[in-house]
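Colleague: next input, structure requested:
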Amino acid sequence: MRVADIVSAIDRLAPFGLAEGWDNVGLLVGSEAAPVTRVLVALDARLAVIEEAVARGCDMVVTHHPLVFPSISRVTVAGAVGRTIMAAVKADVAVVAAHTNLDAAPDGLNDHLATAIGLDQWRPLQPHPELPETGLGRVGEMTPVTVAAVASRVAGALGLTAVQFTGDPGRPVRVAACCTGSGAGLMDVARAAGADVFVTGDLKYHDADRADELALVAAPHAITEDWALRRWFPSLAGVLRPLGVDCLYSDLVTDPWTPACP
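Modeller: Here you go, the predicted model:
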């Protein structure tokens, strides 16, 4: 198979046309005509991920976060992105990004998070203007639970000992919204959709004030996306396997934040 064939397979699962206008998705490094026999999936395209791809015999790396974002003016060893691009080119490893298109697509990252927190009959929180059945985030009804129970459910699904949340712990939740990664910009959309609680990452101190009566559950950016990407991974592997292409998931943790205990 060629790089172009793998890119087409990804496009069928998560159409690149669903990506936000500010995003940078698709083939970012490499040749469409290059052969591919093994693909490595990872959250980020770090230099260590390219090195892992080489060590595991992979010709392509598929990441959620784009290696080039939003743009770069030069490729040199002076910067981490430049070093990564140069390593990929030297090793003939193609790099593809499936970012907000994978967030928006059916059976994409947000669908997996919606399932985990117990949303029922969810719909896109911010529908795509041309394909309203797709879009960023998810919102739906829940069997009545409390804000604290939703937070506990999120922590349990992500394998965390705890997550932070705002609002009255005992407040009933009948409608909830979620967005993997960084969704603070959709907070007003979640409130307008009638959500009682919004689960997302990269929330700031004053977001809690701005949320007003909307409860927030802070789900770490990298953890939610890596968790959901791992659950989407079998869909890609299942499409590529009949084509004779192996699909592996990265063994590396690329989250820049490392927890420390006292």
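
Colleague: contacts and neighbour counts: CA atoms only from here.
Modeller: Will do.

Colleague: which parts of the stretch 1-150 of the chain are helices?
Modeller: 3-13, 47-55, 80-90, 100-104, 109-117, 147-158 (DSSP state H, counting those that start in this stretch).

Colleague: may I have the longest one as CSV, with CA atoms only?
Modeller: The C-alpha coordinates for helix 147-158 follow below in CSV (Å, rounded to 0.1, in the frame of the first residue of the first chain):
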residue,chain,number,x,y,z
VAL,A,147,-22.5,16.5,39.5
ALA,A,148,-20.3,14.7,41.9
ALA,A,149,-21.4,11.3,40.3
VAL,A,150,-20.5,12.6,36.8
ALA,A,151,-17.1,13.6,38.0
SER,A,152,-16.5,10.3,39.6
ARG,A,153,-17.6,8.5,36.5
VAL,A,154,-15.1,10.6,34.4
ALA,A,155,-12.3,9.8,36.8
GLY,A,156,-13.2,6.1,36.8
ALA,A,157,-13.3,5.9,33.0
LEU,A,158,-10.0,7.6,32.5
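
Colleague: how much space between the closest residue to A222 other than its chain neighbours and P172?
Modeller: Nearest residue to A222, sequence neighbours excluded (C-alpha to C-alpha, 6 or more residues apart in numbering): D255, at 5.7 Å. Distance, D255 to P172, by C-alpha to C-alpha, to the nearest Å: 33 Å.

Colleague: confidence score at T254?
Modeller: The score at T254 is 95. That number is its pLDDT.

Colleague: repeat that for the one 5 residues further on.
Modeller: P259 carries a pLDDT score of 85 in this model.

Colleague: correct me if wrong: P15 contacts T100.
Modeller: No: contact status for P15 versus T100: not in contact, 9.9 Å apart, counting by C-alpha atoms under 8 Å.

Colleague: who has more neighbours, those two?
Modeller: Between P15 and T100, counted using other C-alpha atoms under 10 Å, the more crowded position is T100 (27 against 20).

Colleague: I figured the more buried one hits W22, correct?
Modeller: No: shown here, T100 and W22 do not form a contact pair, counting by C-alpha under 8 Å, at 9.6 Å.

Colleague: show me the domain layout of this protein.
Modeller: 3-99+225-249, 106-219 (automatic domain parsing).

Colleague: M187 is in contact with F198, isn't it?
Modeller: Yes: if you go by C-alpha under 8 Å, M187 and F198 touch, sitting 7.3 Å apart.

Colleague: give me the more crowded residue out of the two.
Modeller: Between M187 and F198, counted using other C-alpha under 10 Å, the more crowded position is F198 (31 against 24).

Colleague: so where do the helices sit in the stretch 151-262 of the chain?
Modeller: 187-192, 207-210, 221-240.

Colleague: could I get those helices as TSV with distance to A4?
Modeller: Formatted as TSV, the helices of the stretch 151-262 of the chain follow (distance: least, C-alpha to C-alpha, whole Å):
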stretch	distance to A4
helix 187-192	36
helix 207-210	42
helix 221-240	13
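
Colleague: any idea which of those scores lowest on pLDDT?
Modeller: Taking mean pLDDT as the measure, helix 207-210 is lowest among the helices of the stretch 151-262 of the chain, coming in at a mean of 94.

Colleague: for the helices of the stretch 1-150 of the chain, which one ends up most surrounded?
Modeller: helix 100-104 (a mean of 28; mean count of other C-alpha atoms under 10 Å).
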